[in-house]
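Peer 1: fold the stuff below for me.
(one chain, ligands or ions: 1)
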Amino acid sequence: MRIYLDNAATTKADKEVVKAMLPFLTEKYGNASSMHSFGQEANAALEAPRKIIARSLAASPEEIIFTSGGTESDNIAIRGIAYANRDKGSHIITSRIEHPAVFNTCKALEKEGFRITYLDVDKFGLIDLKKLENSMTKKTILVSIMHANNEIGTIQDIDAIGSLCKKKGVYFHTDAVQSYTKVPIDTKKTAVDLISMSSHKLHGPKGVGALYVRKGTKIVPISTGGAHERKLRPGTENVSGIVGFAKAVDIVKEEDNKRMSKLRDKLITELLKIPHTNLNGHPKQRLCNNVSISFHFIEGESLLMHLDAKGIAVSTGSACSSHELKASRVLLAIGLKHEIAHGTIRFSLSKYNTEKEIDYTIKSVKEVVKELRKISPLTKGD
Ligand code: PLP
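Peer 2: Numbers count the residues shown, from 1 in each chain. Have a look, this model is predicted:
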């Protein structure tokens with residue numbers, strides 16, 4: 001049995017997605033900027049995807065820019081706003097638990113002379129709205145707070161954050177890479193100006209994403225090149241990727257999200273029966289596919305490797321930070337001690353996971369934890 005429970009890192013492309021993409025790799029391969037019929041065919045093929053992504057956010061197609069993924073969308077949003085609004089100020093507010101695509105972009109901007117406030121979060125991973133408000137000054141140009149966290153699954157109240165930003169006349173960007181199609185966003189109701197999305201987290205292809213930019217937003221491109229993508233993102237459009245991305249969005253079913261929530265809850269309930277464990281992230285306000293558990297007195301890496309040997313793929317922290325031996329910045333920010341952070345495993349589900357797989361996972365984790373604790377010098381003997 002091979003069980004994939006690392007869907008926050010990436011997902012399997014849906015067969016329907018692959019089918020939709022194929023013609024744009026084999027027959028309709030024109031450059032969307034070319035004037036001949038091949039080019040026009042490719043250009044026309046971008047229209048429907050733009051409408052699909054726009055519709056999913058109650059936005060208009062002109063407000064959607066296709067990019068190479070979440071990282072690029074985050075960069076364009078943050079740097080694009082920062083450089084365009086320098087005349088107003090150079091203060092940006094973000095949080096300590098952002099994905100590196102946002103966090104490291106802010107760190108880089110700090111070196112360029114911008115002032116960055118990194119908001120703390122509470123033990124559930126939520127920012128404090130009062131602290132956000134108190135951090136705002138006349139020089140604040142942007143607030144960038146993620147919609148849902150990739151490690152602990154906590155969903156922020158972007159309605160409240162957006163209202164506050166609107167009241168203060170500050171742009172609001174949210175990284176919705178993990179939440180997109182799992183937690184709805186209605187840009188007619190939520191005062192968000194920029195939204196980052198990525199295709200490969202929702203059964204679309206890798207290397208493609210989108211950025212929503214509200215009409216009237218003052219933003220400049222960060223790359224130089226042609227006039228592609230509303231003059232904000234130059235480069236030949238990845239037509240097959242964009243078609244696949246939109247297909248993936250189009251076929252999302254709410255029932256799948258509900259089913260994932262049920263499996264998530266079963267996994268949480270059963271794993272917390274193991275002594276000396278705790279759930280990370282918010283118990284209710286969390287992604288339908290995220291389970292983050294700390295197994296005390298155990299190294300997360302050992303648990304991961306033992307589960308891998310049983311055919312189960314999970315992650316310690318996020319895929320991006322798991323190359324590092326440092327404890328996760330996110331887990332430390334919610335107040336975990338280093339040794340507890342090191343014993344943390346993220347299980348992230350997809351629509352393809354079955355109850356049988358979850359049952360096998362529960363059984364396997366219980367066995368492995370017991371074995372590892374027997375040999376752990378830190379063990380309490382449980
Ligand atoms: N933002 C978040 C919250 C993510 O989880 C990820 C990917 O793990 C990214 C951004 C980066 O997206 P991409 O892999 O499409 O560059």
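
Peer 1: CA atoms for contacts and neighbours, from now on please.
Peer 2: Will do.

Peer 1: ok, Glu270 - how many residues close by?
Peer 2: 13 (other CA atoms under 10 Å).

Peer 1: low-confidence stretches in this structure?
Peer 2: 317-325, 378-382 (pLDDT under 70).

Peer 1: got the residues of it near the ligand?
Peer 2: 9, 69-71, 99, 101, 149-150, 175, 177-178, 198 (CA under 6 Å from any ligand atom).

Peer 1: can you pick out the most distant pair from the residues you listed?
Peer 2: The most widely separated members of those, counting by CA to CA, are Gly69 and Asn149 (16.8 Å).

Peer 1: between these two, point out the one with more neighbours.
Peer 2: Using other CA under 10 Å as the criterion, Gly69 and Asn149 rank with Asn149 on top: 27 against 21.

Peer 1: the chain: strands as residue ranges?
Peer 2: 3-4, 64-67, 91-95, 115-119, 140-144, 171-175, 194-198, 209-213, 277-279, 290-295, 312-313, 344-348 (DSSP state E).

Peer 1: just checking: what are the partner strands of the first one?
Peer 2: It refers to strand 3-4. With DSSP bridges as the test, strand 3-4 is paired with strand 312-313 (parallel).

Peer 1: the strand it pairs with: how far from the chain's middle?
Peer 2: 20 Å (CA atoms, centre = their mean, to the nearest Å).

Peer 1: do stretch 18-28 as well
Peer 2: 27 Å.

Peer 1: one more: stretch 142-153?
Peer 2: On CA atoms, centre = their mean, the centre of stretch 142-153 falls 7 Å from the chain's centre.

Peer 1: alpha carbons only: can I get that stretch in PDB?
Peer 2: Output in PDB follows, covering the C-alpha atoms of stretch 142-153 (Å, rounded to 0.1, in the frame of the first residue of the first chain):
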ATOM      1  CA  LEU A 142       0.700  47.000   2.700                       C
ATOM      2  CA  VAL A 143      -0.600  44.200   5.000                       C
ATOM      3  CA  SER A 144       0.300  40.700   3.800                       C
ATOM      4  CA  ILE A 145      -1.300  38.000   6.000                       C
ATOM      5  CA  MET A 146      -1.900  34.400   4.700                       C
ATOM      6  CA  HIS A 147      -5.400  33.000   4.500                       C
ATOM      7  CA  ALA A 148      -4.500  29.600   5.700                       C
ATOM      8  CA  ASN A 149      -1.200  28.300   7.100                       C
ATOM      9  CA  ASN A 150       0.600  25.600   5.200                       C
ATOM     10  CA  GLU A 151       2.000  23.900   8.300                       C
ATOM     11  CA  ILE A 152      -0.700  24.100  11.000                       C
ATOM     12  CA  GLY A 153      -3.800  24.800   8.800                       C
END
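
Peer 1: in stretch 132-140, what's buried?
Peer 2: 132, 136, 139-140 (16 or more other CA atoms under 10 Å).

Peer 1: same deal with stretch 352-372?
Peer 2: 353, 357-358, 361-362, 364-365, 368-370, 372.

Peer 1: JSON lines for those, including distance to Thr224?
Peer 2: Formatted as JSON lines, the buried residues of stretch 352-372 follow (distance: CA to CA, whole Å):
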{"residue": "Asn353", "distance to Thr224": "42"}
{"residue": "Glu357", "distance to Thr224": "48"}
{"residue": "Ile358", "distance to Thr224": "48"}
{"residue": "Thr361", "distance to Thr224": "48"}
{"residue": "Ile362", "distance to Thr224": "50"}
{"residue": "Ser364", "distance to Thr224": "51"}
{"residue": "Val365", "distance to Thr224": "50"}
{"residue": "Val368", "distance to Thr224": "52"}
{"residue": "Val369", "distance to Thr224": "52"}
{"residue": "Lys370", "distance to Thr224": "56"}
{"residue": "Leu372", "distance to Thr224": "53"}
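
Peer 1: which ones among these are found in helices?
Peer 2: 357-358, 361-362, 364-365, 368-370, 372 (DSSP state H).

Peer 1: need those residues in JSON lines (columns: distance to His342).
Peer 2: Listed next are these as JSON lines, based on distance: CA to CA, whole Å:
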{"residue": "Glu357", "distance to His342": "25"}
{"residue": "Ile358", "distance to His342": "23"}
{"residue": "Thr361", "distance to His342": "20"}
{"residue": "Ile362", "distance to His342": "20"}
{"residue": "Ser364", "distance to His342": "20"}
{"residue": "Val365", "distance to His342": "16"}
{"residue": "Val368", "distance to His342": "16"}
{"residue": "Val369", "distance to His342": "14"}
{"residue": "Lys370", "distance to His342": "17"}
{"residue": "Leu372", "distance to His342": "14"}
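
Peer 1: looking at these, spot the one nearest Ser294.
Peer 2: Val369 (11.2 Å).

Peer 1: what's the separation between that closest one and the ligand?
Peer 2: 27 Å (CA to the nearest ligand atom, to the nearest Å).

Peer 1: about what we covered before: the buried residues of stretch 132-140: which two are farthest apart?
Peer 2: Leu132 and Lys139 (14.1 Å).

Peer 1: number of residues surrounding Ala313?
Peer 2: Ala313, neighbours per other CA under 10 Å, totals 21.

Peer 1: quickly note the distance from it to Phe297.
Peer 2: The gap separating Ala313 from Phe297 is 21 Å, by CA to CA, to the nearest Å.

Peer 1: now do the helices in the stretch 151-300 of the chain.
Peer 2: Assigned by DSSP state H, counting those that start in this stretch, the stretch 151-300 of the chain shows helices spanning 158-168, 239-250, 254-271, 300-309.
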